[in-house]
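okay, here's the prediction I keep looking at, along with the sequence it came from:
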Amino acid sequence: MAEPVIIDAVRTPFGKRGGALRDTRPDALLAHALRGLVSRAGVPAERIEDVVCGTVTQAGEQGANIGRLGVLLAGFPVSVPAVSLNRMCGSSQQAVHFAAQAIAAGDARYAIGCGVESMTRVRMFFDIDPDGRHGGFGGLNPALFERHELVHQGESAERVADRWRLSRAALDEFATESHRRAWAALAHGRNRELVPIAGVDEAGRPVELVRDEGVRERIDAAKLATLKTVFRENGTITAGNSSQISDGAAAVLVADRAAAQADGLRPRARFLARVVVGSDPTLQLDGVIPATRLALERARVSVADVDWFEVNEAFACVPLAWAREFAPAPEKLNPWGGAIAHGHPLGATGAGLMAKMLAGLEATGGTIGLQTMCIGHGMATATIVERI
C-alpha cells in the first residue's frame, strides 16, 4: 500500500466578514490558494490527479461544484478533476482525509485536499434557509425533531459549558489568550503557511492582506466582560469568546511518498491516524473528545507524545472541555491561537488548521501533531500527523 504524505500546505490570511476580502468571490479565493500551493510545492499542476474541496454552504457563488470552478480559475489543466463535499466545520479536514485515502488506495499519486468559505458573500444556512427567517432550521425535515432535540450550536455551547462547569470568566480568559498567541505568532512572522492575497481596505482601495484580519494585538478584559451573552440571558457564550465569521481558503498537497521522493520532493509529514465520529446531535460539540481518543488509539500514541494540539475554537468551551478530559500541557493547546482570534471560514478551517499546525511543528521542532474539530449535528474529525 502506498504511503500518503504531506508535501506542502498553505492558507490565505482569513478576512473578517465584510472586511478586506469582501469583494473576492469564493471561487477566486480557492483558486488563489491552489495556485499558491503548487507554486510553493514546486509541483506542476498537471501532476494533480484529483482535488477534493470542502465547502459548507454550497449555494450561490459557492454552488455548482466550487472545487471544479476553483481548479479552472486557477489555470490548472482541464484534465485535473475536482469534487466538493460538506462535512460542515470539518469539511476541508475531511477533504485532506479523502485525498490521503486516495493515495493510500493507489488511486492517485498526487491529490489536493482543500476548502473555501466566503461567509461575507454567501450567508451561512443559505442552502437550507434561503430567506433567513428560520435560523437555519427552515428546510429540515420535521420528523428529525421528533427523534432529536436539534438546537442552535450556541445553545449546545452553553450546555457544554454547563456540563464541564466552565465559567464566563474562564471562557473570556481563554479568548484573550487566543488573541495573544495569534498576535505573537503573526508579529514574529511564524505563520509560514500564509499566502498573501489582494483585498481592499475600508475605503475600497486595493491592499495586500498579509495576515489574519481578526487578530487583535490587545484585548480589553473589562470590555470583553461587558459583552452580552447571545444565546441565554444569563449564559456564558458571547461574540468575544466564540469563533469569528470569516472569509478564506486553504489547501494541502498529499502525495505518494515513493513517487514524491522520486520526483525530488521532500515529504514534510505522514499520517498516523485519520478518524471521524458521530456524537450526540443535541450537545453537538463534544465529539472532539471521542474523536481524539480514537485517533490516539489508532496512532498508538499518548497525550504526552503529542507536541501540538489544534482543537478548533468554534467556541471557547470546546477546547476547554476537551482539555478537562485530556489534561495536555497548556502551552501545547493551540499554541498560535485559534478561530476566536484568526477566524473560522467554515469550509476552509480544517485545511487551514492543518497548514498552521505543520508550520508550527516545524518552527518549534515538534514531531507529532493532533488536530480535531467539532461538527454540527454531532460529529468530529481528528487527524494525527508525524513530521518527517
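Yes, it's here.

pLDDT value on the residue sitting nearest the centre point of the chain, please?
Taking CA atoms, centre = their mean, the centroid of the chain lies closest to residue 349, which sits 1.8 Å from it. Note on residue 349: pLDDT of 98.

tell me, how many residues neighbour residue 131?
7 (other CB atoms under 10 Å). The C-beta positions use only the backbone N, C-alpha and C, and glycine is treated the same way.

are we agreed that the residue nearest to the centre of the chain is in a strand?
No: counting by DSSP: H, G, I helix; E, B strand; the rest coil, residue 349 is located in no strand; its state is helix.

which residues touch it?
89, 92, 93, 115, 117, 248, 250, 312, 339, 373 (CB atoms under 8 Å, 6 or more residues apart in numbering).

mind listing the helices for the stretch 251-388 of the chain?
Taking DSSP state H, counting those that start in this stretch, the helices of the stretch 251-388 of the chain run over residues 257-262, 288-299, 317-326, 339-342, 346-364.

can you put those in JSON lines and add distance to residue 73?
Shown next, in JSON lines, are the helices of the stretch 251-388 of the chain (distance: least, CB to CB, whole Å):
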{"stretch": "helix 257-262", "distance to residue 73": "26"}
{"stretch": "helix 288-299", "distance to residue 73": "33"}
{"stretch": "helix 317-326", "distance to residue 73": "34"}
{"stretch": "helix 339-342", "distance to residue 73": "25"}
{"stretch": "helix 346-364", "distance to residue 73": "16"}
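
quick check: which of those is nearest to residue 216?
Of all the helices of the stretch 251-388 of the chain, it is helix 339-342 that lies closest to residue 216, at 7.3 Å by CB to CB.

tell me what that closest one is packed against?
Helix 339-342 sits against helix 168-187, with contacts defined as 3 or more CB pairs under 8 Å, 6 or more residues apart in numbering; DSSP states H and E.

next, the buried residues of the helix it packs on.
Of the residues in helix 168-187, 168, 170-183, 185-186 count as buried by neighbour count, 16 or more other CB atoms under 10 Å.

what is the helix or strand following it packed up against?
Per DSSP states H and E, the first helix or strand lying C-terminal to helix 168-187 is strand 197-200. Packing contacts for strand 197-200, counted by 3+ CB pairs under 8 Å, 6+ apart, involve strand 206-209.

buried ones in the helix or strand just after the strand it packs on, by neighbour count?
Going down the chain from strand 206-209, the next helix or strand is helix 221-226, by DSSP H and E. Within helix 221-226, the residues scored as buried using 16+ other CB under 10 Å are residue 224.

the helices in the stretch 51-200 of the chain, which residues?
Using DSSP H, counting those that start in this stretch, helices in the stretch 51-200 of the chain cover 66-73, 91-104, 142-147, 153-163, 168-187.

of the ones you listed, which approaches residue 355 most closely?
helix 91-104 (9.8 Å).

send the alpha carbons of the closest one over as PDB?
Written as PDB, here are the backbone C-alpha positions of helix 91-104 (Å, rounded to 0.1, in the frame of the first residue of the first chain):
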ATOM      1  CA  SER A  91     -15.200  19.800   5.600                       C
ATOM      2  CA  SER A  92     -11.600  20.500   4.500                       C
ATOM      3  CA  GLN A  93     -10.100  18.300   7.200                       C
ATOM      4  CA  GLN A  94     -12.200  15.600   5.700                       C
ATOM      5  CA  ALA A  95     -11.100  16.700   2.200                       C
ATOM      6  CA  VAL A  96      -7.500  16.100   3.300                       C
ATOM      7  CA  HIS A  97      -8.500  12.700   4.700                       C
ATOM      8  CA  PHE A  98     -10.100  11.700   1.400                       C
ATOM      9  CA  ALA A  99      -7.100  12.900  -0.600                       C
ATOM     10  CA  ALA A 100      -4.800  10.800   1.700                       C
ATOM     11  CA  GLN A 101      -7.100   7.800   1.300                       C
ATOM     12  CA  ALA A 102      -7.000   8.100  -2.500                       C
ATOM     13  CA  ILE A 103      -3.200   8.000  -2.300                       C
ATOM     14  CA  ALA A 104      -3.200   5.000   0.100                       C
END
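
so for it, mean pLDDT?
98.

so what does it touch, helix or strand wise?
By 3+ CB pairs under 8 Å, 6+ apart, helix 91-104 packs against strand 4-11, strand 50-54, strand 82-85, strand 110-118, strand 246-256, strand 269-278, helix 346-364, strand 379-387.
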